[in-house]
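Trainee: give me a 3D structure for the following:
(chains A, B, C and D)
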Number of protein chains: 2
Amino acid sequence: MPKRTDLSDTFCPVGRSAELLGDRAVLLILRDLFFGRRRFEAIAANTGLGPQLVSARLKLMEKQGVVERHAYQERPPRHEYRLTAKGKDLFDVLYAMRNWAERWAYEDGEIGGPAMRYVHRACGTDVGTSTVCPGCGEPLRYGDLKGEPSEALRAEQAARAG
Amino acid sequence: MPKRTDLSDTFCPVGRSAELLGDRAVLLILRDLFFGRRRFEAIAANTGLGPQLVSARLKLMEKQGVVERHAYQERPPRHEYRLTAKGKDLFDVLYAMRNWAERWAYEDGEIGGPAMRYVHRACGTDVGTSTVCPGCGEPLRYGDLKGEPSEALRAEQAARAG
DNA sequence: CTTGTAACTATGATTATCATAGTTACTATC
DNA sequence: GATAGTAACTATGATAATCATAGTTACAAG
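Mentor: Predicted coordinates for the structure are as follows:
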């Protein structure tokens, strides 16, 4: 593409978010980070993105302050990527995307239930696709939920990791 | 780009959303639609996107069922684009993006307050960057909020429209 | 009959993306 | 100590998406 118009200086908050989030690769990498995948190769394998793209996006995300690169061993040098507080705060966006897809992006009976089930840790309620726990009424935040992938999703991820 | 891997058949809900939402142009067009901009030229002008991009994305969004093209007059033929129920249900995603940006994407004192203030219509409370009304505790949905752009944002939009 | 407007489509240059292969810096095994 | 293996990348070339600019269609108004 030609240099697309830079949105990082617009006063519109959606525009500023779109500068980072309006990118498939960034969203997929964020998803994996939220799922606890922290290593470069694991992210590349699960997302299906090429290593240069993963590399470029992780650098961008590091520059934006949503991830930080952390050496977890010295010899040989190995790194992992962790979400910062700014990164973890993107949970609402990813969770809203998940909720929308669960409601609209599957054919009836395609899986026979949600692709991913989430349970509120605090009270044990299945939260469905709510932003507020239907059991106890608490707003849902990062770390509050325990996810259980459907059989279909689990099989797909296993195939990619192989 | 070469044909990027299609995510519409993945079982991961974030992946399916990312197929549509992982695109700057789509996000900007959605933002404008949520703000009530329904005409092609108005969207193109405000987003700063070229007409071919706006055209291509609106066609895609129509195909995905998030907008519908509606003739508002016959002679001369004029159309507008409206969010469908599936499209309106993306409100949570856009609102989460806005909240994140308000918290993280501005320098201290860059505007001197939020770029966009939202008030809960039902109770009149300024919702800040919450997903649940801090006044009455209700979850916030599409149509529940009344937005007031900051002076900076209003000036920027006026400049683009001119 | 020229100007204006809405809603686009066409063209060409630029640049991001993907697939594939290669690199670096080690450890482990034979 | 030479070969194989692994993590985390970088390099290269083909392809395709994007932007800027200009042009088109269908009509109304002056």
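Trainee: ok, and the closest non-adjacent residue to the residue positioned nearest the centre of chain A?
Mentor: Geometric centre of chain A, nearest residue: A:Arg31, 1.7 Å, by C-alpha atoms, centre = their mean. Excluding the flanking residues, the one nearest A:Arg31 by C-beta to C-beta, 6 or more residues apart in numbering or on different chains is B:Val14, at 4.4 Å. Where you see a C-beta, it was placed from the backbone N, CA and C, and this is true even at glycine.
Trainee: go on, A:Ser55?
Mentor: A:Phe40 (7.7 Å).
Trainee: bridging residues for A:Met116?
Mentor: A:Pro149 (DSSP bridges).
Trainee: quick check: it vs B:Gly15, distance?
Mentor: Using C-beta to C-beta, to the nearest Å, we find A:Met116 at a distance of 11 Å from B:Gly15.
Trainee: which one's more surrounded, those two?
Mentor: B:Gly15 (28 against 21; other C-beta atoms under 10 Å in any protein chain shown).
Trainee: how much does the helix or strand where the more buried one lies deviate in direction from helix A:13-21?
Mentor: Here B:Gly15 sits within helix B:13-21, counting by DSSP states H and E. Orientation note: helix B:13-21 sits at an angle of 110 degrees relative to helix A:13-21 (axes from the mean of the first three to the mean of the last three C-alpha atoms, to 10 degrees).
Trainee: which helices and strands does helix B:13-21 pack with?
Mentor: helix A:24-34, helix A:91-104 (3 or more C-beta pairs under 8 Å, 6 or more residues apart in numbering or on different chains; DSSP states H and E).
Trainee: thought the residue nearest to A:Arg31 was touching A:Leu27?
Mentor: Yes: using C-beta atoms under 8 Å, B:Val14 makes contact with A:Leu27 at a distance of 6.7 Å.
Trainee: spit out the residues that contact these two alike.
Mentor: A:94, A:97 (C-beta atoms under 8 Å, 6 or more residues apart in numbering or on different chains).
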